[in-house]
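>>> The sequence and its predicted three-dimensional model are supplied below.
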Amino acid sequence: LLQTLSGITTLARLRHLNLARNRLGQISCLHTWKLISSCTNLTDLNISENGFLSRDLDLLSSSFASCKKLRHLDVSDRTMNSISLLPVSDSFLSGVVENISRCSSLTTLKLCRPDRVRGEDVAALMLSNHTLTELDVSGLTFCCCCCEEDEEETEEE
């Protein structure tokens, strides 16, 4: 698989890249980052169901900006059991949201994940990209700050 990824980097005219369900999260996020960064003509990118951790998505999202023509992006992963896609962490919000919002041609975005995600964070992502015409947030478990506080109080009792 690593040899295949290395070979794909030489395809400068590549427009559609589907790397779904390849367990790339277990191999190397860095190889995938280099691949995406080198394919500057991508219009469709699917890196779903690869078992990337949230910190991996932070790195990978920095490569999206090199794809100026990117219109369709799928970073969904229903198998992930790590921290939420858009945690409260400022560094992650400023990283992933900012990097996705730099994709000025993006029209379709899929964020399907089973993690708990703050609704405000998904809203911030939607508001940061005005070209979106299709947004898939299915499978997300939304929570709010007040719900988290109630849970903490319950746990303390």
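Perfect, thanks for sending it.

>>> right, and the secondary structure at T32 would be what?
Here T32 is recorded as helix under DSSP: H, G, I helix; E, B strand; the rest coil.

>>> Just want the phi and psi numbers for the residue lying closest to it once chain neighbours are set aside.
Nearest-residue entry for T32: L24, 5.1 Å, with adjacent residues in sequence omitted and distances by C-beta to C-beta, 6 or more residues apart in numbering. No exception for glycine: its C-beta is placed from N, CA and C like everyone else's. Recorded main-chain torsions at L24 are phi -70, psi -30, according to degrees, to the nearest 10.

>>> for L24, what are its contacts?
1, 31-32, 47, 50-52 (C-beta atoms under 8 Å, 6 or more residues apart in numbering).

>>> ranges for the helices of this structure?
When assigned using DSSP state H, the helices of the chain occupy the ranges 2-8, 24-27, 29-38, 54-64, 90-92, 98-101, 119-128, 145-156.

>>> tell me, which of those helices is the model least confident about?
When those are ranked by mean pLDDT, helix 90-92 comes last with a mean of 41.

>>> related to what we said a few turns ago, would you format the contacts of L24 as a markdown table with neighbour count and distance to A123 included?
Rendered in a markdown table, the data for the contacts of L24 read as follows (neighbours: other C-beta atoms under 10 Å; distance: C-beta to C-beta, whole Å):
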| residue | neighbour count | distance to A123 |
| --- | --- | --- |
| L1 | 13 | 36 |
| H31 | 15 | 33 |
| T32 | 22 | 28 |
| I47 | 27 | 23 |
| N50 | 25 | 26 |
| G51 | 17 | 27 |
| F52 | 23 | 23 |
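
>>> with those in mind, which one is nearest to H16?
Within those, proximity to H16 (C-beta to C-beta) peaks at I47, which comes in at 12.7 Å.

>>> Skip the chain neighbours and tell me the closest residue to that closest one.
Closest residue to I47 apart from its sequence neighbours, by C-beta to C-beta, 6+ apart: L19 at 5.1 Å.

>>> Same check on K69?
Spatially, and ignoring its direct neighbours in sequence, K69 is nearest to T43 (5.1 Å; C-beta to C-beta, 6+ apart).

>>> can you pull the contacts of the nearest residue to I8 once chain neighbours are set aside?
Leaving aside its sequence neighbours, I8 sits nearest to L35 (C-beta to C-beta, 6+ apart; 5.7 Å). L35 makes contact with 5, 8-9, according to C-beta under 8 Å, 6+ apart.
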